[in-house]
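In: Sharing a sequence plus its predicted fold:
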Amino acid sequence: MIDSRWYDGREQALVKHTFLDTYMPAQIPKVVSPASGADTFCYVDLFAGPWQSQSGDYSDTGFGIALHRMSQAKAKQAELGRSVRMVAHLVEKDPRNFTELTVAVKRFADVEVHCYQGTAEQHAAAIAAAIPSRAFRFVVIDPKGVPDVRHFQRLIEAERTEVLLNFMFQFANRFAGSQDRMPTLEGWLGGLQGGNEWRAEFAELRGTEREAAISERARQVLGRMGSYPYAPAITVDETDVDRPLYKLIYLTRHPAGLKVFRDAHRRALETQSEYRTAKKADLRRHTTGMDDMFAPLTKMEPGERSAREMAEGEAKARKMLLQRVTDNPAGIEWNSLWPAILDACVVTHAGLGDIARDLWSRGQVVVPEWQSKAIKRPKDEFRFNLSAEPQSTVR
């Protein structure tokens with residue numbers, strides 16, 4: 001159980017760890033199920049740390065959360081009569097941190113852990129070669145700086161792989177608006193057609209437009225590295241100002257991965273919104289010397305950036321759903337609708353299903369298979385058509 005008190009002064013790690021702690025117990029059973037063909041779950045952390053751990057048992061570190069959830073998953077699979085290997089490859093450059101890491105991982109006897117001292121670039125290829133072909137890999141690339149991601153391509157491009165990469169947006173944004181050179185970033189971010197024109201285009205943009213353009217380019221480049229059709233991202237903000245610090249870009253080849261991602265994404269954004277709302281309330285209290293009579297009644301202030309992102313994501317999803325139905329006059333099945341919308345919009349699969357139900361209830365879309373209001377959300381085979389005469393009455 002993650003305790004927010006462990007993260008004072010490093011609140012961004014709380015967002016990231018909330019995602020990991022939600023994603024892993026939901027995804028591991030799916031990727032090692034009998035239907036998946038995988039008999040091993042392999043966790044790779046190329047920048048393992050530990051960094052500023054306060055919990056006493058490393059449950060406020062990325063590797064600690066991962067190994068704990070892997071141990072739980074192995075026990076659960078054993079209860080189901082399945083023997084599944086749990087393997088971790090952890091890289092740490094700093095000698096002191098590496099020594100601490102090798103001691104910390106002994107707490108997790110049910111996971112086969114391999115620790116490597118040195119740089120991620122030194123060990124990435126060897127780790128990729130050591131992972132069995134039938135293993136499912138979850139690769140976490142969470143550096144403090146901006147490495148050349150191409151050094152990790154063998155890990156990224158492998159089959160049965162999902163990736164979570166910390167894209168240091170703050171560095172990329174500064175770089176885009178200056179004449180400075182950053183070869184490790186230029187090298188891989190320039191990996192699309194158009195030469196160096198992209199940098200000039202970014203320099204002319206400002207605010208959210210530049211944020212969207214840089215993020216979209218990073219998503220596209222990383223997706224192409226491993227032929228990933230889906231590359232959604234989590235925005236992690238600075239604590240005291242409404243400004244993005246980094247983007248956690250998630251790569252998956254499967255719609256099922258999108259479902260799990262968006263559920264974990266929403267929980268991470270809720271956590272971010274709650275702690276930023278609390279921080280702002282504390283700042284007002286210290287500034288005025290009195291309790292804030294205008295403080296929000298909920299944990300999340302509606303105007304907070306993450307709260308707005310969730311609300312705007314649902315609005316965008318509604319608009320995109322209607323547009324895709326409009327663009328397919330012969331009709332389009334739900335299983336062809338929802339993956340692209342989840343990739344593009346901050347919305348959960350359940351949330352999008354609720355939006356679809358509302359559109360159907362209002363008569364804005366026609367779904368012949370939706371025969372009863374007892375059906376809460378559409379099934380994959382449901383076919384959506386645009387209504388010729390949209391109605392406002394709710395069924």
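Out: Now that the structure is in, tell me what you want to look at. Residues are numbered from 1 along each chain as shown.
In: Where does pLDDT dip in the chain?
Out: Flagging of the chain using pLDDT under 70 yields the residue ranges 193-196, 288-298, 389-395.
In: Could you spell out which stretches of it belong to which domain?
Out: Following automatic domain parsing, one finds the domains of the chain at 4-275, 302-386.
In: any idea how far Glu162 is from the residue lying closest to Ala73 once chain neighbours are set aside?
Out: Distances taken as Cβ to Cβ, 6 or more residues apart in numbering put Ile28 closest to Ala73, at 4.2 Å, once the chain neighbours are dropped. In this view, the C-beta of every residue, glycine as well, is placed from N, C-alpha and C. Distance from Ile28 to Glu162, counting by Cβ to Cβ, to the nearest Å: 11 Å.
In: Which stretches in the stretch 1-150 of the chain count as helices?
Out: 11-31, 62-79, 95-104, 120-130 (DSSP state H, counting those that start in this stretch).
In: In the chain, where's the longest helix?
Out: helix 255-288 (DSSP state H).
In: contact partners of the very next helix or strand once past that helix?
Out: As assigned by DSSP states H and E, the chain's next helix or strand after helix 255-288 is helix 305-326. By Cβ atoms under 8 Å, 6 or more residues apart in numbering, the residues outside helix 305-326 that reach it are 235, 237, 242, 266, 269-270, 272-273, 276-277, 300-302, 332, 337, 340-341, 344-347, 351-352, 355-356, 359, 364-365, 384-386.
In: Quickly run through the sheet partners of whichever helix or strand comes after helix 305-326, with directions.
Out: Sequence order places strand 332-333 as the next helix or strand after helix 305-326, per DSSP H and E. In the sheet, strand 332-333 lines up against strand 383-386 (antiparallel) (DSSP bridges).
In: how about the CA coordinates for the partner strand, as PDB?
Out: What follows is strand 383-386 as a C-alpha-only set of coordinates in PDB (Å, rounded to 0.1, in the frame of the first residue of the first chain):
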ATOM      1  CA  ARG A 383     -22.400  -2.000 -34.600                       C
ATOM      2  CA  PHE A 384     -22.700   1.700 -34.400                       C
ATOM      3  CA  ASN A 385     -24.500   3.900 -37.000                       C
ATOM      4  CA  LEU A 386     -25.200   7.600 -37.000                       C
END
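In: show me what contacts the residue nearest to Ala135 when sequence neighbours are not counted?
Out: Nearest residue to Ala135 in three dimensions, chain neighbours excluded: Thr40, at 3.8 Å (Cβ to Cβ, 6+ apart). Thr40 makes contacts with Val32, Val84, Arg85, Met86, Val87, Pro132, Arg134, Ala135, Phe136, as judged by Cβ under 8 Å, 6+ apart.
In: excluding its backbone neighbours, what's nearest the third one?
Out: What sits nearest to Arg85 in space, not counting adjacent residues and going by Cβ to Cβ, 6+ apart, is Thr40, at 4.2 Å.
In: Look at the nearest residue to Gln72 once chain neighbours are set aside and say how many residues are nearby.
Out: Leaving aside its chain neighbours, Gln72 sits nearest to Pro25 (6.7 Å; criterion: Cβ to Cβ, 6+ apart). Pro25 sits with 17 neighbouring residues when counted by other Cβ atoms under 10 Å.
In: Gly37 versus Pro25, what's the distance?
Out: Separation of Pro25 from Gly37 (Cβ to Cβ) stands at 21 Å.
In: ok, now Arg285?
Out: As judged by Cβ to Cβ, Arg285 and Gly37 stand 55 Å apart.
In: same check, this time on His123
Out: With Cβ to Cβ as the criterion, His123 and Gly37 are 27 Å apart.
In: close enough to count as contact, Glu162 and Leu258?
Out: No. Glu162 lies out of contact with Leu258 (Cβ atoms under 8 Å); the separation is 10.5 Å.
In: Next, show the common contact partners of these two.
Out: Residues touching both Glu162 and Leu258 by Cβ under 8 Å, 6+ apart: Thr252.
In: For Gln72, grab the count of nearby residues.
Out: Neighbour tally, Gln72, other Cβ under 10 Å: 15.
In: Show me how far stretch 112-132 is from its chain's centre.
Out: With Cα atoms, centre = their mean, to the nearest Å as the basis, stretch 112-132 stands 23 Å off its chain's centre.
In: Also stretch 49-59?
Out: Offset of stretch 49-59 from its chain centre (Cα atoms, centre = their mean): 22 Å.
In: end-to-end on that stretch?
Out: Start-to-end span of stretch 49-59 (Cα to Cα, to the nearest Å) is 13 Å.
In: Next: stretch 228-237.
Out: Separation of the first and last residues of stretch 228-237 by Cα to Cα is 26 Å.
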